[in-house]
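[1] Mind folding the following:
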Amino acid sequence: MAAPAFKALVIAAHPDDIEFGAAGTLSLWADSGAEITFCLVTDGAAGSNAPDADLKALVLQRQEEQRAAAALQGVRDVRFLGYPDGALEPTLALRRDLTRVIRDVRPDRVLCSDPTMIFAGANYINHPDHRAAAEAAIYAVFPSAGTRPIFPELLAEGYEPHEVSELWMFFSEKSETVVDTSATIERKIQALLCHKSQLGPEVEKMIREWDAERGKEKGFSYAEAFRVMRLKDEAPASAETEANAPQTA
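    Numbers count the residues shown, from 1 in each chain. Model (predicted):
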């Protein structure tokens, strides 16, 4: 079996966060041969305000919705950490759990949201779970994943240090990397529609408008934008050549 073009790990707070932020790009990468893992930090149980909601059943439903959405993007490895939805904090325990996942998956790229984004426009306050998951993810990438003395208990579990080459952040006000997702916009919409407990058909119009606006400056019909940090000089050439360069500006 041929080695994957590269490995990517996507860390997000809730089921559906990944689809909103990066499903078009991830579909492109999977099509190019990338091996992608999703890690959802919370259980998604705060996804209903109905007074009679069966929240345990909702957790299971949202897991199935996320697996279905991942499959449309070419992703088979989906992991759930099960932290309580709506009350997430960037604790050492969370950073340890994410460090364990990074050392297990050993990705070239880690994707998460941008923890510095608090307000989006004039009508949206960024969910604190988004910021908490992203902060823990970033510090798991550095310094925790690559530093042997941090979390020595992980060494005892067999998880050796790993250095991530690139960090890609979605939902950022400082995005400078724009990926042409015109070829995968339909899959992104279908992946979002898998989250039936949270979203309805109206999401299609919203996403088309958002992603068209992101692509306008570069002449793309649709696009996703990221804030990218290259943490190692020797970032994987195959990732750039096979998956990134043809679609970004």
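
[2] residues contacting A191?
    Going by Cβ atoms under 8 Å, 6 or more residues apart in numbering, A191 touches E19, A23, S27, A69, A70, L72, Q73. Bear in mind the C-beta positions are built from the backbone N, C-alpha and C, glycine included.

[3] contacts for the top helix by length along the chain?
    Counting by DSSP state H, the longest helix found in the chain is helix 55-72. If you take Cβ under 8 Å, 6+ apart as the criterion, helix 55-72 is touched by 15-16, 18-19, 23, 27, 38, 40, 43-45, 47-48, 76, 78, 80, 187, 190-192, 194-198.

[4] Would you mark the buried spots in it?
    Applying a neighbour-count criterion of 16 or more other Cβ atoms under 10 Å, one finds L58, V59, Q61, R62, Q63, E65, Q66, R67, A68, A69, A70, L72 buried in helix 55-72.

[5] same thing with stretch 129-137?
    Buried residues in stretch 129-137 (16+ other Cβ under 10 Å): D129, H130, R131, A132, A133, A134, E135, A136, A137.

[6] Specify the beta-bridge partners of the residue nearest to the spatial centre of the chain.
    Centroid-nearest residue in the chain: V10, 3.5 Å away (criterion: Cα atoms, centre = their mean). In this entry, V10 is beta-bridged to F38, L111, by DSSP bridges.

[7] For D129, see how far away it is.
    For V10, the distance to D129 equals 15 Å [Cβ to Cβ, to the nearest Å].

[8] coming back round to it: next SSE downstream of the longest helix of the chain?
    strand 77-83 (DSSP states H and E).

[9] That following strand pairs with which strands, and in what direction?
    Strands that pair with strand 77-83, judged by DSSP bridges, come out as strand 35-42 (parallel).

[10] what angle separates the partner strand from helix 55-72?
    Taking axes from the mean of the first three to the mean of the last three Cα atoms, to 10 degrees, strand 35-42 and helix 55-72 form an angle of 160 degrees between their directions.

[11] Tell me, what's the model's pLDDT at E240?
    The per-residue pLDDT reported for E240 equals 39.

[12] Same question for N126.
    Predicted confidence (pLDDT) for N126: 88.

[13] Count the residues that sit near it.
    As a burial measure, N126 scores 17 neighbours (other Cβ atoms under 10 Å).

[14] Distance check, H127 against A87.
    Using Cβ to Cβ, H127 is found at 11 Å from A87.

[15] And D180, by the same measure?
    38 Å.

[16] what do you get for C194?
    In terms of Cβ to Cβ, C194 sits 25 Å off from A87.

[17] When those two are compared, which one has more neighbours?
    Ranked by neighbour count (other Cβ under 10 Å), C194 and A87 place C194 first, with 21 against 11.

[18] Tell me the predicted confidence for that one.
    We have a pLDDT of 97 for C194.

[19] What of the one 10 residues further on?
    According to the model's per-residue confidence, E204 sits at a pLDDT of 97.

[20] which SS class is it?
    Secondary structure, DSSP: H, G, I helix; E, B strand; the rest coil: E204 is helix.

[21] Right, I'll call it a day here.
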